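Asks: Dropping the sequence and predicted coords here.
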Amino acid sequence: CQQVLVMLLVIKIQKNQDFRKKHINMRVLLLVIIFLLPNFTLFAESSGNAMPKHKWSFGGLTGTFDRASLQRGYKVYREVCSGCHSMQLLYYRDLIDIGFSEEEVKAIAAEYTVVDGPNDEGEMFERPAKPADHFVSPFTNEQEARVSNNGAYPPDLSVITKAKKYGPDYIYNLLLGYTDPPEDFEIGEGMYYNKWVQGHQIAMSPPLDEGYVDYDDGTESTLPQLAEDVVTYLTWSAEPELEVRKNMGIKVILFFIIFGIVLYFVKRRL
């Protein structure tokens, strides 16, 4: 009887070992698939016109916004982009988050005029904008915007990096992607060739060029620098809580790592 019991115990142990080996093999296979899946995606993209990746200060798990780049990007938007594009989801007071002081924000807001009212006489009136006001739009309505832009409607830029596939990389490459069309390409009237836009035609003329903006901090205003700064600013406007979210994510990951280690040793102990 003892020999039979020993044989049954050995068979059970062998079955458990086989099950564990199969279980481990399945885990290894799953990990291989998880790690290789991004490579398959990149390979599929490389077969076509892959979107170039730019190195951003806010990229990665621990990335943060460069405050100097944000302020330069706002200046690019204010002096170049704001003539056509609105940012209606932002308040002037939000600029405090990118490093401007309250006095600077008041001065920036006062450069714009908003319609307010009615007053005591029941009439609407104009006044300088305040930090609590939304960004002033360049046009009063969509029809006026289309008339001023050859029938095209300039989109609001508040969350443009979230609305577009590849987000910041797409906007960055679009700003740098204006070139002369190929000889066999027929460009529409009033359109411009851009290799990163679907259909390669865009109604917006090249918005940036070397030296379009004079930076207060002495940074050289090359075209890539202008594009990088304004895209950094647009990314912040679309996701101002990015740094807080990443900080919380790191804390949560560390908590689960420590919690998992504790549970592992508790399981081994039991």
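Replies: It's in.

Asks: Find the residue closest to residue 202 in space, skipping its chain neighbours.
Replies: residue 194 (4.8 Å; C-beta to C-beta, 6 or more residues apart in numbering). Heads up, the C-betas are built off the backbone N, CA and C, glycines and all.

Asks: So in terms of bridging, what pairs with the one you found?
Replies: On the basis of DSSP bridges, residue 194 takes part in beta bridges with residue 178.

Asks: Now for it, how many residues are close by?
Replies: 21 (other C-beta atoms under 10 Å).

Asks: need the contact list for it.
Replies: 174, 177, 178, 179, 200, 201, 202 (C-beta atoms under 8 Å, 6 or more residues apart in numbering).

Asks: separation between it and residue 205?
Replies: According to C-beta to C-beta, to the nearest Å, residue 194 stands 10 Å off from residue 205.

Asks: now swap in residue 121 and tell me
Replies: 44 Å.

Asks: before we move on, what about residue 105?
Replies: 31 Å.

Asks: who has more neighbours, those two?
Replies: Neighbour tally, residue 105 and residue 205, criterion other C-beta under 10 Å: the higher count belongs to residue 105, 18 against 12.

Asks: buried set for the helix or strand where that one lies?
Replies: Per DSSP states H and E: residue 105 is located in helix 102-110. For helix 102-110, a neighbour-count test (16 or more other C-beta atoms under 10 Å) marks 105, 106, 108, 109 as buried.

Asks: Settle this for me: residue 66 is touching residue 231, isn't it.
Replies: No. Applying C-beta atoms under 8 Å as the test, residue 66 and residue 231 come out as separate, 11.7 Å apart.

Asks: Who has more neighbours out of those two?
Replies: Comparing residue 66 with residue 231 by other C-beta under 10 Å, the one with more neighbours is residue 231, at 26 against 18.

Asks: Is that one in a helix, a strand, or coil?
Replies: Per DSSP: H, G, I helix; E, B strand; the rest coil, the secondary structure class of residue 231 is helix.

Asks: Can you name the residues that contact it?
Replies: 73, 161, 168, 171, 172, 175.

Asks: Buried among the residues you listed? Need that as a selection in ChimeraX.
Replies: Applying 16+ other C-beta under 10 Å to these leaves a buried subset, and the ChimeraX line that selects it is:
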select :73,161,168,171,172,175
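
Asks: Filter the contacts of residue 231 down to just the ones in strands.
Replies: In strands, defined here by DSSP state E, there are no members of the contacts of residue 231.

Asks: will you turn the contacts of residue 231 into TSV that also has distance to residue 57 and pLDDT?
Replies: Shown next, in TSV, are those (distance: C-beta to C-beta, whole Å; pLDDT from 0 to 100):
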residue	distance to residue 57	pLDDT
73	11	97
161	14	95
168	11	96
171	16	96
172	13	97
175	17	96
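
Asks: Could you list the low-confidence segments of the stretch 1-150 of the chain?
Replies: 1-49 (pLDDT under 70).

Asks: show me where the stretch 151-270 of the chain has helices.
Replies: Along the stretch 151-270 of the chain, the stretches classed as helices by DSSP state H, counting those that start in this stretch are 160-163, 167-176, 223-238, 242-269.

Asks: Kindly apply the preceding question to the stretch 1-150 of the chain instead.
Replies: Going by DSSP H, counting those that start in this stretch, the stretch 1-150 of the chain shows helices at 2-46, 67-79, 102-110, 142-148.

Asks: what angle separates the helix holding residue 105 from helix 67-79?
Replies: 20 degrees (axes from the mean of the first three to the mean of the last three C-alpha atoms, to 10 degrees).

Asks: who touches residue 148 in this structure?
Replies: 84, 139.

Asks: measure it to residue 142 for me?
Replies: 11 Å.

Asks: same question, residue 68
Replies: 35 Å.

Asks: Looking at the two, which has the bigger crowd around it?
Replies: residue 68 (16 against 10).

Asks: Now for the closest residue to the more buried one other than its chain neighbours, how many residues are close by?
Replies: Of all residues not flanking residue 68 in the chain, residue 217 sits nearest, at 6.3 Å (C-beta to C-beta, 6+ apart). By the criterion of other C-beta under 10 Å, residue 217 has 7 neighbours.
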